[in-house]
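Peer 1: Quick check, what structure comes out for this input:
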Amino acid sequence: MFDLKPLHHDAVEAALEKAERYRLLNEPGAAESIYLDVLAIEPDNQEALRNIILAMSDRFGKDYAIGDARVSEYITRLKDDYQRQYYTGIMYERRAKAALAKDGVGAYELFRHAMECFETAEAMRPQGNDDSILRWNGCVRIIKANNLEPRDMGHDFLE
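Peer 2: This is a model prediction of the structure:
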């Protein structure tokens with residue numbers, strides 16, 4: 001039907017700035033589209049990869065069908081171990097916040113996954129970068145403020 005038109009390499013920087021503005025204006029779908037255009041011509045562009053992860057996870061709470069596997073695809077393309085752990089933590093944290101806003105089911109477990117990722121990232125963080133600590137503390141505060149606890153899985157099966 002229609003073919004996508006490729007972005008020009010000399011337009012990448014401006015496109016990334018425009019996409020960031022869309023994210024800040026709470027238009028993650030528009031931002032995601034621009035990041036996809038950038039990644040089509042620069043598949044290893046680390047800024048576009050980091051930000052498409054953020055744009056996609058921005059949409060978790062808006063009932064879009066954004067699967068973790070789709071986000072994880074971009075996380076695996078990040079070159080830095082710290083960033084892979086950190087952005088995986090963000091993915092779980094945002095999924096937890098979406099679960100909490102919906103019905104709370106599984107939110108505690110998702111926050112704990114995020115916290116595990118942030119702890120791993122903390123151990124390998126660049127000097128002077130405490131972002132993983134800030135995110136870990138944020139998760140703790142949300143768990144405490146909402147009295148979240150692990151789900152009792154029970155034994156609903158026949159032995």
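
Peer 1: From the centroid of this protein, which residue is nearest?
Peer 2: M91 (3.2 Å; Cα atoms, centre = their mean).

Peer 1: There's contact between it and S57 in this structure, I believe.
Peer 2: Yes - M91 is within contact range of S57, at 5.3 Å (criterion: Cβ atoms under 8 Å). Using the backbone N, CA and C atoms, a C-beta is placed for each residue, glycine as well.

Peer 1: Find residues that contact each of those two.
Peer 2: V71 (Cβ atoms under 8 Å, 6 or more residues apart in numbering).

Peer 1: I53 contacts Y86, doesn't it?
Peer 2: No - with contact defined as Cβ under 8 Å, I53 does not reach Y86; the gap is 10.0 Å.

Peer 1: Which elements pack onto the lowest-mean-pLDDT helix or strand in the chain?
Peer 2: Each helix and strand of the chain was given a mean pLDDT (mean pLDDT, DSSP states H and E); the minimum falls on helix 68-75 at a mean of 90. Judged by 3 or more Cβ pairs under 8 Å, 6 or more residues apart in numbering; DSSP states H and E, the packing partners of helix 68-75 are helix 46-58, helix 81-102.

Peer 1: right, and the ones you listed - which one's nearest S72?
Peer 2: In terms of Cβ to Cβ, the element of those nearest to S72 is helix 81-102, at 7.3 Å.

Peer 1: First-to-last residue distance for stretch 76-85?
Peer 2: One end of stretch 76-85 sits 10 Å from the other (Cα to Cα, to the nearest Å).

Peer 1: Now do the buried residues in that stretch.
Peer 2: By 16 or more other Cβ atoms under 10 Å, the buried positions in stretch 76-85 come out as R77, L78, Y82, Q83, R84, Q85.

Peer 1: Just put those residues in JSON lines and tack on pLDDT and distance to I143.
Peer 2: Compiled in JSON lines, the buried residues of stretch 76-85 are given as follows (pLDDT from 0 to 100; distance: Cβ to Cβ, whole Å):
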{"residue": "R77", "pLDDT": "97", "distance to I143": "30"}
{"residue": "L78", "pLDDT": "98", "distance to I143": "27"}
{"residue": "Y82", "pLDDT": "98", "distance to I143": "24"}
{"residue": "Q83", "pLDDT": "97", "distance to I143": "24"}
{"residue": "R84", "pLDDT": "98", "distance to I143": "24"}
{"residue": "Q85", "pLDDT": "98", "distance to I143": "20"}
